[in-house]
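S.K.: Can you look at this prediction? I've put the sequence above it.
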Amino acid sequence: MAGNFVTVACPDCESEQVVFEKAATEVACEVCGHTLATPTGGKAAIEGDVVGTVEAR
């Protein structure tokens, strides 16, 4: 499984959360519940600023 884990800053509350860039399910912010990633069949559509890559493969 090739892909990266990225740190995403929530656009609403600015908390940071680690998300798999090819997420197969919708990912919500743990603090405010805003949708951070929506699956698209490939790379997920990420809403918010990608702060950095946690693990590169």
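M.R.: Cool, got the structure.
S.K.: List of residues touching stretch 36-56?
M.R.: 4-11, 16-29, 34-35 (C-beta atoms under 8 Å, 6 or more residues apart in numbering). C-betas here are computed from N, CA, C, even on glycine.
S.K.: Give the buried subset of the residues you listed as a ChimeraX selection command.
M.R.: Of the contacts of stretch 36-56, the buried ones go into a single ChimeraX selection, burial set by 16 or more other C-beta atoms under 10 Å:
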select :6,8,10,17,19,20,21,22,23,27,29
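S.K.: Just the contacts of stretch 36-56: which are in strands?
M.R.: Per DSSP state E, strands hold the following members of the contacts of stretch 36-56: 5-9, 16-20, 27-28, 35.
S.K.: In JSON lines, list those along with distance to residue 44.
M.R.: Compiled in JSON lines, the ones in strands among the contacts of stretch 36-56 are given as follows (distance: C-beta to C-beta, whole Å):
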{"residue": "5", "distance to residue 44": "12"}
{"residue": "6", "distance to residue 44": "10"}
{"residue": "7", "distance to residue 44": "14"}
{"residue": "8", "distance to residue 44": "10"}
{"residue": "9", "distance to residue 44": "16"}
{"residue": "16", "distance to residue 44": "17"}
{"residue": "17", "distance to residue 44": "13"}
{"residue": "18", "distance to residue 44": "13"}
{"residue": "19", "distance to residue 44": "7"}
{"residue": "20", "distance to residue 44": "8"}
{"residue": "27", "distance to residue 44": "8"}
{"residue": "28", "distance to residue 44": "13"}
{"residue": "35", "distance to residue 44": "10"}
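S.K.: Apart from its chain neighbours, what residue comes closest to residue 7?
M.R.: residue 51 (4.3 Å; C-beta to C-beta, 6 or more residues apart in numbering).
S.K.: can you tell me how far that neighbour sits from residue 24?
M.R.: 22 Å (C-beta to C-beta, to the nearest Å).
S.K.: remind me which residues of this structure are low pLDDT?
M.R.: Residue ranges of the chain with pLDDT under 70: 1, 55-57.
S.K.: rewinding a little: what's the spacing between the residue nearest to residue 7 and residue 39?
M.R.: From residue 51 to residue 39 the distance is 21 Å (C-beta to C-beta).
S.K.: What would the top strand by length along the chain look like as CSV? C-alpha coordinates only.
M.R.: In the chain, with assignment by DSSP E, the single longest strand is strand 49-55. Extracted in CSV, the C-alpha atoms of strand 49-55 (Å, rounded to 0.1, in the frame of the first residue of the first chain):
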residue,chain,number,x,y,z
ASP,A,49,-3.8,23.1,5.1
VAL,A,50,-1.4,20.2,4.8
VAL,A,51,1.2,21.1,7.4
GLY,A,52,3.7,18.3,6.6
THR,A,53,4.3,14.7,5.7
VAL,A,54,4.6,12.3,8.6
GLU,A,55,5.8,9.2,6.7
